[in-house]
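Engineer: Here you go, sequence then predicted model.
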Amino acid sequence: MRMSVQADAVTPTHPIPPSSSSLDGGTLKDTPANRALRPLTTPQEVFEARHLQKAAVYADSKTLLFHGEVRDVLRQLADAGVEVDCIVTSPPFYGQRDYGVERQIGLESDPRDFIAALLETFELCSPILRSTGSLWVNLGDTYWSGKGAHKSNEIKQSARRFGARPQDYPGDGKWARPKQLLLIPHRFAIAMQDAGWLVRNDNVWVKPNPIPDQVRDRCSMSHEYVFHFTKERWYYFDRSPVGRKMPSGRVLPPLDTWVVPPSKGNGSHRASFSEELVRLPILSTTPPDGIVLDPFNGSGTSTVLARKSGFRGIGIDLNLDYCEQAAKAISSLANDLTGDED
Ligand SMILES: C[S@@+](CC[C@H](N)C(=O)[O-])C[C@H]1O[C@@H](n2cnc3c(N)ncnc32)[C@H](O)[C@@H]1O
């Protein structure tokens, strides 16, 4: 499924400089912080290289979708000299779903191996993330159960039911022990810090009206995290489209708590993002003509929003059905956008 469409119009953005002292007579001073607001982006000839377009399940002048194991495809992108500006993704959560594909991440019998697989993946993202770029990772937590395959009729669990999950086994009696909240998101973030990433925020995604957990001795979970990582101290960030607008016209930074209703699922994908959740990451950290990458693209929410916002996008997923679903969404969007330009 390969097609070619006209390039869509890029919406120019005008980043707000870090402070009024960044300006010199109305123009930006030549400082590292200000230089990060004007990053170079990957040339179109690199994005449209023949071998990349051939390897993709979908390719046009603004979007590339790859079917494959994330680490394999990231190596291919690095070899091709692609550099992206914003990576936004929701990897599989630990022990939550079976995506029905070999080499999937998320069902490792030891949670440490899950964190190691994520670390390895994001280490491979590092060479293709521009030095001014940002990485946003959505992760939720998991309780160890140790009770064997679950039998309850709880709606949330039966929707995900796939026999014994890793957390249903006895565990090591330490952090893998019944009733334990594994603290996976923060263990992951600390491991990322140790690997050299800068943690800028542990944004909390607050879910209004979640399905209550069937428990009697703890609070019902209603949040996940969206970590913001960077490689360098100075990076591209434009708060104007996402900040809090004051009556004076000043724009304050957005808050680190985001109240966003969960997605109801997208087609056959039951764990998709809602566009609202990826709006802030994409709009604040992708420069004009920049590239958004989702290494666990699923039904394609991030690559679709990137496209709608005038950016280029790259998606990777191991499940061919999801790749085809994302390709369908992008190609109908590409046709709509081409129609609008006529
Ligand atoms: C939480 S979902 C992502 C959903 C996506 N954000 C959306 O809006 O649809 C995680 C995705 O990771 C994919 N996946 C799991 N293991 C993978 C691997 N080793 N390589 C590439 N993709 C993988 C699954 O097929 C699944 O679509």
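Structural biologist: Structure received.
Engineer: what comes into contact with the helix or strand in which Phe229 is found?
Structural biologist: Element membership of Phe229, judged by DSSP states H and E, is strand 223-230. With contacts defined as Cβ atoms under 8 Å, 6 or more residues apart in numbering, strand 223-230 is touched by 122, 133-141, 185-186, 188-189, 192, 197-207, 258, 277, 281. Backbone N, C-alpha and C define where each C-beta goes, glycine included.
Engineer: Could you list the alpha-carbon positions for it in PDB?
Structural biologist: Listed in PDB are the C-alpha atoms of strand 223-230, where the atom choice follows Å, rounded to 0.1, in the frame of the first residue of the first chain:
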ATOM      1  CA  HIS A 223      -3.900   8.400  36.300                       C
ATOM      2  CA  GLU A 224      -1.000   7.500  34.100                       C
ATOM      3  CA  TYR A 225       2.300   9.400  33.400                       C
ATOM      4  CA  VAL A 226       3.600  11.100  30.300                       C
ATOM      5  CA  PHE A 227       7.300  11.700  30.900                       C
ATOM      6  CA  HIS A 228       9.100  14.400  29.000                       C
ATOM      7  CA  PHE A 229      12.700  13.600  28.300                       C
ATOM      8  CA  THR A 230      15.400  15.600  26.400                       C
END
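Engineer: who does the helix or strand following it touch, helix- and strand-wise?
Structural biologist: Next in sequence after strand 223-230, counting helices and strands by DSSP H and E, comes strand 244-245. Secondary-structure packing of strand 244-245 (3 or more Cβ pairs under 8 Å, 6 or more residues apart in numbering; DSSP states H and E): strand 251-252.
Engineer: by contact count, what packs against the strand it packs on?
Structural biologist: strand 244-245.
Engineer: List the pairing partners of the strand it packs on within its sheet, with orientation.
Structural biologist: Strand pairing for strand 244-245, using DSSP bridges, gives strand 251-252 (antiparallel).
Engineer: So for the partner strand, mean pLDDT?
Structural biologist: Mean per-residue pLDDT for strand 251-252: 96.
Engineer: Restricted to strands, list the contacts of strand 223-230.
Structural biologist: Taking DSSP state E, the ones among these that sit in strands are 133-139, 198-206, 258.
Engineer: May I ask you to confirm that Lys147 is in contact with Tyr169?
Structural biologist: No - in this structure, Lys147 is not within contact of Tyr169 by Cβ atoms under 8 Å, at 9.6 Å.
Engineer: Which element, helix or strand, includes Ala116?
Structural biologist: helix 111-125.
Engineer: Now do that helix: distance to the chain's middle.
Structural biologist: 15 Å (Cα atoms, centre = their mean, to the nearest Å).
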